[in-house]
Structures are given as C-alpha cells and as structure tokens.
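# Can you look at this prediction? I've put the sequence above it.
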Amino acid sequence: MHANKCPDMHERAKRVHEPGRICRELLYLRSKRAVREVPAFTYQALQKGTVVKPPKKIDIFKRQPVKETVFKIYFMRGDIPVALTGRSNKQDPTKDRPLRWHCTPEELDYCYYLPIFLDGLADIDSDTRLLAVNAAVDLIMRQPHKVLPVLPKLILPLKRAFQTRDKGIIISALKVLQLMVRLGPCVGQALVPFYRQLLAVCNLYKNINVNLGEGVDPDRSKRIGDVIEDTLKLLEYCGGPNAFINIKYMVPTYESSVFPRCLSTDGADGSKH
C-alpha cells in the first residue's frame, strides 16, 4: 500500500513544479533574445529590449573624392595656352620643367584664365596640378596688380582645393595664396571678408606639425601645420587692423604675431610716446 503511494506523490510534485520550471525557461530565453537596434530620438528608443544606434564615425581628415576639374577639361581640349617642357627631377619635380607659353602671358585675360588655373589646384593628377600651379604662379608674378580685380572669382577654386582634405593639394593652394597676398597690392585687405570660406581648413590642420625646439626644420615648407602658420601670419600682417579678429574667429588657437610689434612704440602703461 505504501509502495503504491510513492509514485503518485512524485507525479503530484512534478505537476506542481512544472509551471515554475517553464516560467524560468521562458525568462531565460527572453533574456537571451537579441537586442533590437532602433534610431535615436524616436518612440522606439523607449521600448524594452531595444538599444539606440550609435552615431556614424566620421574621419575628418579623410580625403574627399575630387571631380574632374575645369582646368583638365580645357587642357585636354587644347584650350590652355601653356604646357610643361623638359623632364621631371626625382628630387624636385618643379625643376627642369619650365613653362612654354603659346602666347604672351601679359596679353591673357586674367579674369578668364587665372580662375581656371587655380581650379587646377584640386586636380588629382600630379602633372596636371603641377602645370596649373606653375601657370598660376607665373601669371601672378608677371602682373600682380591684375589679381585684385579678379579676386572674388578666385575664392571658389581655392575653397574647392581646401575641401579635398589632401595635404599636398592644400599646401600648394596655401603657397599660391601667400604669393597673391605678398605681391598683389591690397589683396590682403580684400581677402578679409572671405576668411570664413577659406580658413576653416586652417583650423583643422593647424596643429599638425613637428616641434624641434631650437632646431631648424629643413622641411618646413612641406609640413601643413607650418605652412598654415606662415599663411595666417602673412594674412594678419597684410590684412589691416581687422585681420586678426577675423582670423581669431575662424582659428581660435591662433596667436597674434603683429600685436607684439606695436608694444615697442607704446609705453609700459599703454600710452604712446
């Protein structure tokens, strides 16, 4: 009699604990369920079992794709009255590659050709870009007084070159900009209203340089941080009294290199002698 009761008790115990076991298994399976990713700032983010998608990572120094430049289109059609001659030097590609003009450069319309040459600064082909840089530099050095009337048309090609995020292209564009400011009369003052379009890239690459202490860097002209620093100093020196405040607005880490010179003519209390 006693032996027959034991199986019934075990079956009753199983039936009592069966729902609890099933609930525990369901809870375990629910905890192992894959989390669903939902977009941020939506009602879905408040639901259970969801996680907000992280923002996309952006590489601010990534080279941007460059479209075919107007300079290259005109050059392939034969509408550019200049070409490179000679063979390139491995150490310095600019040597032994003089320009051969098909007409007198002084007779060219600067309002038409100079923006086209500056547009070639953003070309990905090194030979095409070298031709555009040398042609633009040659035109600026021959007649620098013609740069100021065409200056508004030069802003967009320079901005396009800066937006490529290519260090070699940016350095070439900055050197052309330095030449324009250094030789062109009143070009420095005329560039002040365009700082917001040109100096954004300077704030991005300004601190990319090498600190050698008291040493002399022979490759200073090839380091983008040093070239940007020299460009900002030249813009402040040639840009007039409003240049520094506008440079400081776009590049907050820039420190004036002209203001300390003014202290030499002032007294210790700020009064002029």
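That came in fine, so what should we check first?
# can you count the residues close to the nearest residue to residue 40 once chain neighbours are set aside?
Spatially, and ignoring its direct neighbours in sequence, residue 40 is nearest to residue 52 (4.7 Å; C-beta to C-beta, 6 or more residues apart in numbering). From N, CA and C alone the C-beta is placed, and that goes for glycine too. Residues near residue 52, counting by other C-beta atoms under 10 Å, number 13.
# With residue 157 instead?
There are 25 residues near residue 157, going by other C-beta under 10 Å.
# per-residue confidence averaged over the helix or strand encompassing residue 203?
Using DSSP states H and E, residue 203 sits within helix 200-205. Averaging pLDDT along helix 200-205 gives 89.
# which residues are in contact with it?
60-61, 162-163, 165, 167, 170, 224-225, 228, 231-232, 250-253 (C-beta atoms under 8 Å, 6 or more residues apart in numbering).
# do that again at 10 Å, thanks
Contact partners of helix 200-205, identified using C-beta atoms under 10 Å, 6 or more residues apart in numbering, comprise 60-61, 158-159, 161-165, 167, 170-171, 173-174, 195, 223-225, 227-229, 231-232, 235, 247, 250-254.
# related to what we said a few turns ago, next, the residue nearest to residue 40: phi, psi?
Main-chain dihedrals, residue 52, degrees, to the nearest 10: phi -80, psi 140.
# Show the pLDDT at it.
With respect to pLDDT, residue 52 has a value of 88.
# where in the stretch 151-273 of the chain is pLDDT low?
The stretch 151-273 of the chain contains residues with pLDDT under 70 at 210-220, 259-273.
# Helices of that one, start to end?
151-162, 167-183, 187-190, 195-198, 200-205, 224-238, 243-250, 259-262 (DSSP state H, counting those that start in this stretch).
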